[in-house]
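*Asks:* below is the sequence, then the predicted model.
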Amino acid sequence: MNDAEASVANTPPAAVQSPAVSMRLAIYYTLLVTQTVSLIGSQISGYAVSIAVFRATGHATPLALVAFFSAAPSILLGGFAGALADRFDRRSMMLIANFGFTVVSGLLLLSFASGAFRLWHLYALTLGASLFAALERPAFQASVAMLVPDSHRDRANAIGLMTGPAAGVIAPAVAGMLYALVGVVGSITIDIATFIGAIAVLAIVRIPRPAETAEGLAMRTAVWRQVFDGFRYMAARPVLLGFCGYVSIVNFFAGAALVLLTPYVLARTGSAQLLGLVLAVMNLGGIAGSLVVSAGGRIGSRMNTVMLAILTAGFFIGLAGVARNALAIGASLFLLLFALAFANAPFWSIMQAKIAPDLQGRVFAAYLQVAMLLAPLAYLVAGPLADRVFEPARRQPVWQSVGWLVGVGPGAGMGMMFVVAGALVLALSLAVYAVPAVRRLEADLPDHAAAAA
C-alpha cells in the first residue's frame, strides 16, 4: 500500500474526499451483487442435489450430514484463514477461494454426469468447498471496514445480509423449473458459470490493505502463532467471549431444527414446488428485515436490538414447528428471518467499529469459530433424532399428549423438534438479556480509533 492509500485508510470518514468514499462503496456493492449471483447459482445447485438425495433415500440424515461437512472446516481452520486474511491481500484470497469452488463444482458435475454419483462424493466435495469458504469468509468480512466508513456500516451490513435471502427468493423460484428441464447436471453447470463470473469481477476490483496499528504490530508473529490471536483478543474481553459462547449455544439449538427444514417441509406438504415457495417466502422475510434495518430501524441501542431480535427468532422457530401447512410454515419462517436481520447487521457494525481493521480477519474468524462450534454437533444429531426418535414417536400412543400442538401426521416429529429448539432459545436468551454487562457491551468496548488514540 502506498502513502496515499495509507493516508486515506487512516483518515476519519468525515474527512475523506467523497469520490474516494463513493469508489469504495461502489466496490463493496459490486462485490455484494457478485456474491448474490454466485449464491443463486449455489442454491440452485444445492436445491437440485437435495431433492435428488431426499427422493433417493427418504431420510433426513444425509442432508444433515451435508450441513455437518459444510460447517466443520470453518470451525477447524477459521483461525488459520483469519491470520492469512490479515497478513496477505484479501482480494487474492477471495480469488483463490472462487477458483476452488469452480474445481469442486466441476468434480460434482462429473460425478452426476457419469452416473457414478455416491453419497460419499457429495460429503467429500462439500468438505472441499467448505475449506475454500473458510478461506473466503474472513477475507470478505475484514474487507468491509476498508470499503465502508462507519457512518454507512449499519446500512451496508443490512444490505449485505440481503445477499443470502435474495438468493433464497430467486433460487427456489427457478430451481424447481430448472430441475425439471436440465436436472442436477444442468443446475451444477449454472453454479459453475456464476463462480467464473465472480472470478472475473475479483480480477478487476481493488481492495485497500489496512495500515498496521500498534496493537496489530504487537501481535505480528509467525502465521501459525497468529492462528490464536483472535481467541487471545476475545479472552481479554470476557463479556465479548461470553456473548460469543451464548451465540454458539443458540446456533446449536436453532441449527438442530433448521437443518431439517427441507425434509420437514417436504414431509408436511409432500410437494417440492411448495418447498420452493416456502423457502422463497422465508427469504423474503430476510430481505424485508434488512431493508428496515438499512433504513435505520433499531430498538434502542444496538445490543438491545440484537437481544430482542434473538428472543423473537426463538419464538418463530417454535411457531414453525406448530405450523402444519405451507402457508403457516412460510409465514413463521418469514418472520424468523425478518427478526434475524435485526440481530446480525447491528452486531457486525459493533464488531467493525471496535476491532482494528488489521486484526479483523483473525478476530472475526475466531468469533465465527466459537459461534459455530456446536453447529456440527447439531447437524450430526438432528438427522438421527428425526429419523429414529421423533418421527417414529408420533406413531406411539404417548404422542397424543403433544399431538394437539404439532399434529400426528408426517413431519409432526420434526415439528416437535422445532418447538423444543425455539423454547430453549427463548429461555436462554431471556437469561442472557438479564445480564447488565451484555446490554452494555457496545458502550463498554472502546472504538478501535479511540483505543489507538
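*Replies:* Done, it's in.
*Asks:* can I assume A145 is in contact with P357?
*Replies:* Yes. Contact criterion CB atoms under 8 Å: A145 and P357 qualify, at 4.7 Å. All C-beta atoms are positioned from the backbone trio N, CA, C, and that covers glycine.
*Asks:* following element in sequence after whichever strand or helix holds A345, please.
*Replies:* Following DSSP states H and E, one finds A345 within helix 326-354. Using DSSP H and E, the helix or strand that follows helix 326-354 towards the C-terminus is helix 360-371.
*Asks:* residue contacts, the residue nearest the centre of the chain?
*Replies:* Taking CA atoms, centre = their mean as the criterion, G164 is the residue nearest the geometric centre of the chain, at 7.9 Å. Listed by CB atoms under 8 Å, 6 or more residues apart in numbering, the contact set of G164 reads L39, N283, G286.
*Asks:* again, but for M416
*Replies:* By CB under 8 Å, 6+ apart, the contact set of M416 is G321, F390, R394, V402, L405, V406.
*Asks:* quick check: the fifth one vs D387, distance?
*Replies:* The gap separating L405 from D387 is 21 Å, by CB to CB, to the nearest Å.
*Asks:* of the two, which one has the most company?
*Replies:* A direct count of neighbours by other CB atoms under 10 Å for L405 and D387 places D387 higher, at 19 against 13.
*Asks:* the more buried one contacts L63, correct?
*Replies:* No. Counting by CB under 8 Å, D387 stays clear of L63, with 11.0 Å between them.
*Asks:* hey, which helix is longest across this structure?
*Replies:* For the chain, the helix reaching the highest residue count under DSSP state H is reported as helix 163-204.
*Asks:* and that one, average pLDDT?
*Replies:* Per-residue pLDDT over helix 163-204 has a mean of 83.
*Asks:* any idea how far it is from the chain center?
*Replies:* 18 Å (CA atoms, centre = their mean, to the nearest Å).
*Asks:* quick one: that helix to helix 326-354, angle?
*Replies:* Per axes from the mean of the first three to the mean of the last three CA atoms, to 10 degrees, the angle that helix 163-204 makes with helix 326-354 is 50 degrees.
*Asks:* joint contacts of A145 and P357?
*Replies:* Common contact partners of A145 and P357 (CB under 8 Å, 6+ apart): P210.
*Asks:* which parts of stretch 268-287 are buried?
*Replies:* Neighbour counts over stretch 268-287 (16 or more other CB atoms under 10 Å) mark 268-269, 272, 274-287 as buried.
*Asks:* narrow those to those in helices?
*Replies:* Under the assignment DSSP H, the buried residues of stretch 268-287 contribute 268-269, 272, 274-287 to helices.
*Asks:* could I get the buried residue list for stretch 136-154?
*Replies:* So for stretch 136-154, counting by 16+ other CB under 10 Å, buried means 136-149, 152-154.
*Asks:* where does this structure dip in pLDDT?
*Replies:* The model of the chain has pLDDT under 70 over residues 1-17, 60, 176, 212-225, 297, 449-453.
*Asks:* how about the residue in it that sits furthest from its center?
*Replies:* If you look at how far each residue of the chain sits from its centre, by CA atoms, centre = their mean, the farthest one is P397, at 39.4 Å.
*Asks:* from P410, how far off is that one?
*Replies:* 18 Å.
*Asks:* OK, contacts around L335?
*Replies:* G285, T312, F316, L319.
*Asks:* for the third one, give its distance to I299.
*Replies:* Counting by CB to CB, the separation of F316 from I299 is 16 Å.
*Asks:* who has more neighbours, those two?
*Replies:* F316 (22 against 13).
*Asks:* correct me, but that one touches G422?
*Replies:* Yes. Taking CB under 8 Å as the definition, F316 is a contact partner of G422 at 7.3 Å.
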